[in-house]
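>>> sharing a model that was predicted from the sequence below.
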Amino acid sequence: MIGKVCPRGQDVAGLIRYLYGPGRREEHTDPHIIAGYRPPSDLEPPLRASGSRDFRRLAGFLRLPHDALGKWGYAKPVWHCSMRAAPEDRMLSDREWAEIARDVMDRTGLCPRGQEDDAVRWIAIRHGPDHIHLVAMLACQDRTRPRMQNERYRVRDACIAAEQRYGLRSTAPADRTAARRPTRAETGKAARHGRGEPPRTTLRRDVATAAASAASAEEFFARLDQAGILVRLRYSTRNPGQVTGYAIALSGDTARNGEPVWYGGGKLAADLSWPGLAQRWTRPARPDSPLTPGEADALWEYAARTAADATARIRHYAATGNPAAAADAASAASDALHVAAAALGSPTLRCAADAYDRAARQPYGRVPAPTPAGNQLRHAAQLISAYAHLTGDRTLTPVVLLVRLAALAEAVAELRESQQRAAQAAAALRAARHLRTATRPPAARPPGRPVTATTPPAAKPARPRPATAAGLAKISFPSPPGPGRPAAGQPGPRPDDPPPRRPPTPRPRGPTR
């Protein structure tokens with residue numbers, strides 16, 4: 001079950017009118033109130049003689065505590081939350097949806113159980129078989145304002161509790177491991193401008209790749225500049241030279257006033273905030289390079305060995321009941337995937353890196369303590385990035401590295417499964433599938449043939465390999481068969497066959513200039 005808290009509004013009557021109306025993106029069927037601060041029968045808008053509903057009485061009831069607060073009330077007091085079940089879930093009854101709505105209002109603190117007379121006024125409207133809408137005015141009936149703190153996470157807790165109570169499809173907890181999704185406005189804007197993905201998604205990938213490739217803050221910003229990303233820094237008021245934050249923008253992505261649309265690093269993902277990135281570069285550097293002179297030309301092999309070592313360590317820690325020790329290696333695997341995708345220019349690896357992102361993060365934005373396995377993976381990622389930057393060579397196909405990274409992603413999936421983090425385990429498995437796909441060679445097809453699936457031709461019988469030069473010349477320079485006479489080793493014409501066509505003049509095989 002998914003619960004989404006929408007931005008606050010001002011017009012409660014307009015929102016109720018929309019929820020009772022036909023809808024814009026989907027059809028609203030049988031809209032009615034299933035729960036509220038009073039019995040639903042007392043709150044249902046009455047029908048007019050024309051068949052429309054009169055919402056003035058309901059809107060007045062909801063606005064009354066906010067009007068009593070006067071200037072002390074919120075500027076945008078309308079709180080709106082939508083809750084939707086999965087398509088494969090069973091259809092819940094009105095009573096079950098009403099219980100879910102009451103649990104949401106209790107967990108968020110807007111209307112605790114037993115305190116309905118002093119809490120906010122709210123209603124729950126159901127106008128579809130699989131979802132409901134909760135509408136509340138952020139003004140308590142005891143003439144105080146409710147405390148709004150992390151109510152989005154409390155809504156997620158209520159969704160998980162409903163899944164367990166009614167046997168619905170399980171979803172991920174609100175542990176802040178998922179990256180922020182593009183809003184509907186961002187998705188629509190990208191579609192209007194012909195972009196394949198919203199700028200938020202592109203920026204998150206580019207920033208993650210730059211962070212994985214850099215060994216310092218200066219190198220990180222230089223990588224962003226090379227990628228054509230606009231950067232705006234925020235400095236400390238006490239120490240003017242100290243960077244305390246950053247924002248990035250995609251070139252060409254502007255607002256209505258022509259200014260770039262800026263995104264803070266923490267708004268892209270929890271591990272891309274400035275404090276999280278700064279911890280990368282304050283860790284102690286490795287005292288010696290793990291590469292010997294003989295291994296300098298075997299960069300991909302070294303990265304593959306590093307991934308295999310990290311896989312073994314993760315599986316060891318998961319088997320011994322110490323998953324926290326494997327957190328740093330699981331996080332560093334994201335760096336290796338992003339850098340390998342950028343170095344090889346592979347769309348499949350890019351999908352794998354994007355899918356793995358959530359599996360790499362710790363709950364609630366925590367940064368794991370550095371470990372030797374994680375440091376080795378980050379060091380290998382920086383070497384790969386430096387090699388690709390200096391040579392620009394994307395012709396190599398490090399199949400061994402991709403196989404080892406796939407095994408690493410599968411080990412992380414087992415680790416997250418042992419920690420009962422289903423969403424992160426699924427993300428790691430998706431990345432492993434993409435990596436396994438990247439290791440398969442592309443299917444060869446004759447030039448000019450369509451890509452769509454066709455009936456495979458019958459296998460041709462293998463011709464015997466000649467043992468002498470004369471036999472080889474006979475095969476390389478064949479003489480056309482005489483008219484009406486089949487070639488050697490070929491069946492004769494059948495009665496229903498079309499008349500034979502004159503064969504073209506044979507061309508000699510061999511190298512041409």
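On my side now, so go ahead.
>>> and stretch 219-229, how far out from the chain middle?
Remark: stretch 219-229 is offset 23 Å from the chain centroid, using C-alpha atoms, centre = their mean, to the nearest Å.
>>> pretty sure Glu116 is in a strand, no?
No - counting by DSSP: H, G, I helix; E, B strand; the rest coil, Glu116 is not part of a strand but coil.
>>> pull up the distance across stretch 31-40, start to finish.
12 Å (C-alpha to C-alpha, to the nearest Å).
>>> list of residues touching that stretch?
Residues from elsewhere that reach stretch 31-40 (C-beta atoms under 8 Å, 6 or more residues apart in numbering): 19-20, 43-44, 94, 97-98, 101-102, 111, 116, 119-127, 132. C-beta here means a position set from N, CA and C on the backbone, and glycine is covered the same way.
>>> and the strands in the stretch 151-300 of the chain?
229-235, 243-250, 263-264 (DSSP state E, counting those that start in this stretch).
>>> now mean neighbour count and mean pLDDT too, for these, in JSON lines please.
Listed next are the strands of the stretch 151-300 of the chain as JSON lines, based on neighbours: other C-beta atoms under 10 Å; pLDDT from 0 to 100:
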{"stretch": "strand 229-235", "mean neighbour count": "14", "mean pLDDT": "91"}
{"stretch": "strand 243-250", "mean neighbour count": "19", "mean pLDDT": "92"}
{"stretch": "strand 263-264", "mean neighbour count": "18", "mean pLDDT": "92"}
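>>> let's have these in a markdown table, adding distance to Arg205.
What follows is these, written out as a markdown table (distance: least, C-beta to C-beta, whole Å):
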| stretch | distance to Arg205 |
| --- | --- |
| strand 229-235 | 11 |
| strand 243-250 | 11 |
| strand 263-264 | 13 |
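>>> closest to Leu64 out of those?
strand 263-264 (38.8 Å; C-beta to C-beta).
>>> quickly run through the sheet partners of the closest one, with directions.
Using DSSP bridges, the strands paired with strand 263-264 are strand 243-250 (antiparallel).
>>> what angle separates the partner strand from strand 229-235?
Calculated by axes from the mean of the first three to the mean of the last three C-alpha atoms, to 10 degrees, strand 243-250 forms an angle of 160 degrees with strand 229-235.
>>> send over strand 243-250 as PDB, restricted to the C-alpha atoms.
What follows is strand 243-250 as a C-alpha-only set of coordinates in PDB (Å, rounded to 0.1, in the frame of the first residue of the first chain):
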ATOM      1  CA  VAL A 243      32.000  25.100   1.700                       C
ATOM      2  CA  THR A 244      28.900  24.000   3.600                       C
ATOM      3  CA  GLY A 245      26.600  22.900   0.700                       C
ATOM      4  CA  TYR A 246      26.200  22.800  -3.000                       C
ATOM      5  CA  ALA A 247      23.400  22.800  -5.600                       C
ATOM      6  CA  ILE A 248      23.500  21.700  -9.200                       C
ATOM      7  CA  ALA A 249      21.500  22.300 -12.300                       C
ATOM      8  CA  LEU A 250      21.300  20.800 -15.700                       C
END
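>>> quick one: contacts of that strand?
199, 202-203, 207, 217, 221, 224, 229-236, 260-265, 274.
>>> equivalent analysis for stretch 191-209, please.
Contacts for stretch 191-209 (C-beta under 8 Å, 6+ apart): 179-180, 182, 186-187, 189-190, 223-224, 227, 229, 248-250, 253, 261, 263, 265, 268-269, 272, 334-335, 338-339, 341-342, 350, 353-354, 357.
>>> okay, now the unreliable bits of the stretch 301-450 of the chain?
387-399, 441-450 (pLDDT under 70).
>>> ok, back up a step: show me the contacts of stretch 191-209 that map onto helices.
186-187, 189-190, 223-224, 265, 268, 334-335, 338-339, 341-342, 350, 353-354, 357 (DSSP state H).
>>> check what pLDDT Pro87 gets.
Note for Pro87: predicted pLDDT of 88.
>>> now do the contacts for Arg17.
Phe55.
>>> could you pull out the helices in the stretch 351-500 of the chain for me?
372-391, 399-418, 422-439, 469-476 (DSSP state H, counting those that start in this stretch).
>>> having no further points to raise, I will conclude here.
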